[in-house]
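K.L.:
When you get a sec, could you give me coordinates for this:
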Amino acid sequence: MTTVAAGIGWVIARRLTAPGIYNLWFKHGGWVQLSTEIVDRGPTRVARRTTGTAPGLTPKTGDRASWSGIYYAAPADAGLHARDITITTPAGPCPAWRIDGDPSTWATHVHGLGSTHAGTLRGVLAATDLGYTSLVVSYRNTAEGPLVGTGRTALGHTETIDVDEAIGYAVRRGAQRIVLFGWSMGAVIALQLADHPRHQGLIAALVLDSPVLNWTEVIKTNCVRSGLPAAAGHLAIPWLASGPLARAVGLPGRIPLRSFDWTSRAADLTTPALILHGTRDDSVPVQLSQALRDARPDLIELETFDAGHTLCWNTDPDRWREAVTSWLKSHGPG
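P.N.:
Alright, predicted model coming up:
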């Protein structure tokens, strides 16, 4: 093992000293996995032990890199044997990974806004422990998926269509039960699919990490985080929910934000769900997950971590994996 050192400001310092395992993704390609071990610390410098490095990469002082919870760049980095496949969708071909297991029980893993399908490999490990076949999917207007229109996100509305095609792919190949893993906006997609009448009896369980359960509240939270008043979030809502205004800002049409408000639609839930959420999440408030759990304790179980947005696994991979596998053994496919 080697060490990586970084000169840092206070925000990056807080991340580099955070407990858990993370990754540095370098601007010109390559990555370095970081362990929990900090070997040196000073007022302008942190050195942390590494556990893995992209082939051919030799980090040096001055290299620019971004801090990430995406720990594995590809299935092989996680010890997984995967096949590259393509899901045909109305938007175009969407690349995916398939990790074979039980042909009757499949897990579909859906990443969030601004992430990549490599980010969900953390969850694939738990599905593989249970013997499921996994599909690690992509969708339109992401770094990996097809470009549609202006390339703007529809916050899970149109993206759901692409992931629905992945479910069809699984069913045509013998899937009788499906578990949806959704990360952040991926949870929006998972919840919309579970709510679809034609999937009744097929989608057996949901595993949701840092789920967006109310876009209005999430937009307000992110306005405040950016230094804007929360009221700015309210001003943005009509530009999303009104057809003419949405098209004016490059969206294909209006986004039905009310249908994504599961804190208000708790009574409509019919699929058991495990939520994993960080108490230090400054993008998606953990209070939304707590409210949904309190409204539907018969269906929802919540595990909280001392973590930021989508970083629960990183802070404690063993606990995350055990929580998911134990819950699915009790509440997932029979």
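
K.L.:
use CA for all of it now, contacts and neighbours both
P.N.:
Noted.

K.L.:
Any idea what residue 96 is bridged to?
P.N.:
Beta-bridge pairing of residue 96 under DSSP bridges involves residue 85.

K.L.:
ok, the closest residue in space to residue 63 that isn't next to it in sequence - how many residues close by?
P.N.:
In space, not counting the residues next to it along the chain, residue 63 is nearest to residue 26; the distance is 7.2 Å by C-alpha to C-alpha, 6 or more residues apart in numbering. The number of residues packed around residue 26, counting by other C-alpha atoms under 10 Å, is 16.

K.L.:
check contacts around residue 278.
P.N.:
By C-alpha atoms under 8 Å, 6 or more residues apart in numbering, residue 278 lies in contact with 210, 286, 304-312.

K.L.:
Could you rerun that using 10 Å?
P.N.:
For residue 278, the set of contacting residues under the criterion of C-alpha atoms under 10 Å, 6 or more residues apart in numbering consists of 209-210, 284-286, 303-313, 315.

K.L.:
ok, now residue 192?
P.N.:
Counting by C-alpha under 10 Å, 6+ apart, residue 192 makes contact with 156-157, 160-161, 164, 186, 259-260, 262.

K.L.:
any idea how far it lies from residue 326?
P.N.:
Counting by C-alpha to C-alpha, to the nearest Å, the gap from residue 192 to residue 326 is 25 Å.

K.L.:
likewise residue 41?
P.N.:
For residue 41, the distance to residue 326 under the criterion C-alpha to C-alpha works out to 38 Å.

K.L.:
before we move on, what about residue 173?
P.N.:
Relative to residue 326, residue 173 is positioned 27 Å away (C-alpha to C-alpha).

K.L.:
cool, residue 90 as well?
P.N.:
Taken as C-alpha to C-alpha, the spacing of residue 90 relative to residue 326 amounts to 37 Å.

K.L.:
one step back: my read is that the residue nearest to residue 63 contacts residue 64, right?
P.N.:
Yes - with contact defined as C-alpha atoms under 10 Å, residue 26 reaches residue 64; the gap is 5.9 Å.

K.L.:
can you tell me the average pLDDT over stretch 263-272?
P.N.:
When pLDDT is averaged along stretch 263-272, the result is 95.

K.L.:
Got the phi and psi for residue 36?
P.N.:
For residue 36, the backbone dihedrals (degrees, to the nearest 10) come out as phi -80, psi -10.

K.L.:
Could you do the one 3 residues further on as well?
P.N.:
Note on residue 39: its backbone torsions stand at phi -100, psi -10 [degrees, to the nearest 10].

K.L.:
Make residue 1 into 55 and carry on from there
P.N.:
Will do, 55 is the new start, and the previous item becomes residue 93.

K.L.:
Count residues in the vicinity of it, would you?
P.N.:
Applying the criterion other C-alpha under 10 Å, we find 12 residues in the vicinity of residue 93.

K.L.:
so what pLDDT did it get?
P.N.:
Note for residue 93: predicted pLDDT of 70.

K.L.:
again, but for residue 107
P.N.:
86.

K.L.:
how near is residue 183 to residue 376?
P.N.:
For residue 183 relative to residue 376 (C-alpha to C-alpha), the value is 10 Å.

K.L.:
can you put the contacts of residue 246 in TSV and add secondary structure and distance to residue 234?
P.N.:
TSV is the format used below for those (DSSP: H, G, I helix; E, B strand; the rest coil; distance: C-alpha to C-alpha, whole Å):
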residue	secondary structure	distance to residue 234
210	coil	14
211	coil	17
214	helix	12
215	helix	15
218	helix	11
240	helix	9
313	helix	19
314	helix	17
316	coil	17
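
K.L.:
Need the residues you listed in TSV (columns: distance to residue 333 and neighbour count).
P.N.:
As requested, the contacts of residue 246 are exported to TSV (distance: C-alpha to C-alpha, whole Å; neighbours: other C-alpha atoms under 10 Å):
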residue	distance to residue 333	neighbour count
210	24	22
211	27	18
214	28	22
215	31	18
218	31	18
240	19	29
313	25	14
314	22	22
316	19	22
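
K.L.:
As a check, name the ranges of all strands in the stretch 155-304 of the chain.
P.N.:
For the stretch 155-304 of the chain, strands defined by DSSP state E, counting those that start in this stretch occupy the ranges 156-164, 186-190, 231-237, 257-263.

K.L.:
Report the angle between the third one and strand 186-190.
P.N.:
The one in question is strand 231-237. Interaxial angle, strand 231-237 versus strand 186-190 (axes from the mean of the first three to the mean of the last three C-alpha atoms, to 10 degrees): 40 degrees.

K.L.:
Same question for the first one.
P.N.:
With the same axes, to 10 degrees applied, the angle from strand 156-164 to strand 186-190 works out at 30 degrees.
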